[in-house]
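Visitor: fold the following for me, if possible:
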Amino acid sequence: MHGIRLVIGVAMLVVCGCASGGKSADAESSTQSGGAGKGNIAAAKPATRSTSARAIRIDAGSAKPFTDADGNTWRADAGFSGGGMVDRGNIQIANTRNPAVYRTEHWGMNVFSTPVPNGRYNVLLHFAETYPEITAAGQRVFTVKVEDQEIKDLDVFKEAGGAAKALVKAVPVTVSDGKLDISFTFGEQNPEINGIEIVPQ
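Guide: Below is the predicted model of the structure:
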């Protein structure tokens, strides 16, 4: 009798262990399948971003790069087609911790373009009205288009609240052709820009 009970007990233990192990393996396999997929995607995106999609900062109108108050490096003027560059010197600029960005500008350009990995970006456009002959709203008005997002009839003097005051316009876009394009359409006076930041999202 004792021998029969022992055999039955062992058999039950073996059967229960297999069933439990089989169920546990299925659940783990399912978890790993879903978790591994999510883990791989999450791991792949930051790796791609950190190696190939870094923030790009252009100091429009500047002949040399500089480092801002937050430790970010801005490249010298590049990527523009048409127009010219100007450096206003050591003028005072309000509403910014980085006045150097707004002391130089690129004006009269048609387009700006730079290669970037496909993906989503937040594009920050930096403006300040520093041309001495612009003394009131409506004297310089132009349109900017970042990829498919348009800022129509931009009046920097008006939106900034006067001359020599920093104005930043944030434009979220998606790039699908390997380059970020910005076009400028003339209105009143020449279009101008002081800086561009392209920040991966």
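Visitor: for the chain, what helix or strand is lowest in average pLDDT?
Guide: helix 2-52 (a mean of 36; mean pLDDT, DSSP states H and E).
Visitor: can you name the element that comes right after it?
Guide: strand 56-59 (DSSP states H and E).
Visitor: so after that following strand, what's the next helix or strand?
Guide: strand 66-67.
Visitor: is it correct that residue 141 is in contact with residue 185?
Guide: No - counting by Cβ atoms under 8 Å, residue 141 sits too far from residue 185 to count as a contact (10.2 Å). C-beta here means a position set from N, CA and C on the backbone, and glycine is covered the same way.
Visitor: looking at these two, which has the bigger crowd around it?
Guide: residue 141 (18 against 14; other Cβ atoms under 10 Å).
Visitor: in this structure, where is pLDDT below threshold?
Guide: 1-52 (pLDDT under 70).
Visitor: so which helix or strand takes in the nearest residue to residue 157 once chain neighbours are set aside?
Guide: Counting by Cβ to Cβ, 6 or more residues apart in numbering, the nearest residue to residue 157 once its immediate chain neighbours are dropped is residue 129, at 4.4 Å. Using DSSP H and E, residue 129 falls within no helix or strand.
Visitor: who touches residue 129 in this structure?
Guide: 140, 156, 157, 160, 162, 163, 164, 165 (Cβ atoms under 8 Å, 6 or more residues apart in numbering).
Visitor: residues touching the first one, list them.
Guide: Right, residue 140. By Cβ under 8 Å, 6+ apart, the residues touching residue 140 are 129, 131, 134, 155, 156, 157, 187, 188, 189, 190, 192.
Visitor: where does residue 159 land in three-state SS?
Guide: What DSSP: H, G, I helix; E, B strand; the rest coil gives for residue 159 is helix.
Visitor: number the residues from 7 up from this point.
Guide: Okay, using 7 as the starting number, the last item reads as residue 165.
Visitor: how many residues are close by it?
Guide: For residue 165, using other Cβ under 10 Å, the count is 14.
Visitor: now that it has come up, it's in contact with residue 171, right?
Guide: No - with contact taken as Cβ under 8 Å, residue 165 and residue 171 are classed as non-touching, separated by 9.3 Å.
Visitor: what distance do you get for the nearest residue to residue 114 once chain neighbours are set aside to residue 66?
Guide: Sequence neighbours aside, residue 89 is the residue nearest to residue 114 in space, at 3.4 Å (criterion: Cβ to Cβ, 6+ apart). As for residue 89, its distance to residue 66 is 10 Å (criterion: Cβ to Cβ, to the nearest Å).
Visitor: more neighbours, those two?
Guide: Taking neighbours as other Cβ under 10 Å, residue 89 and residue 66 compare with residue 66 leading, 30 against 21.
Visitor: host element of the closest residue in space to that one that isn't next to it in sequence?
Guide: Ranked by Cβ to Cβ, 6+ apart and with sequence neighbours excluded, the top spatial neighbour of residue 66 is residue 112, at 4.0 Å. Using DSSP H and E, the element containing residue 112 is strand 110-113.
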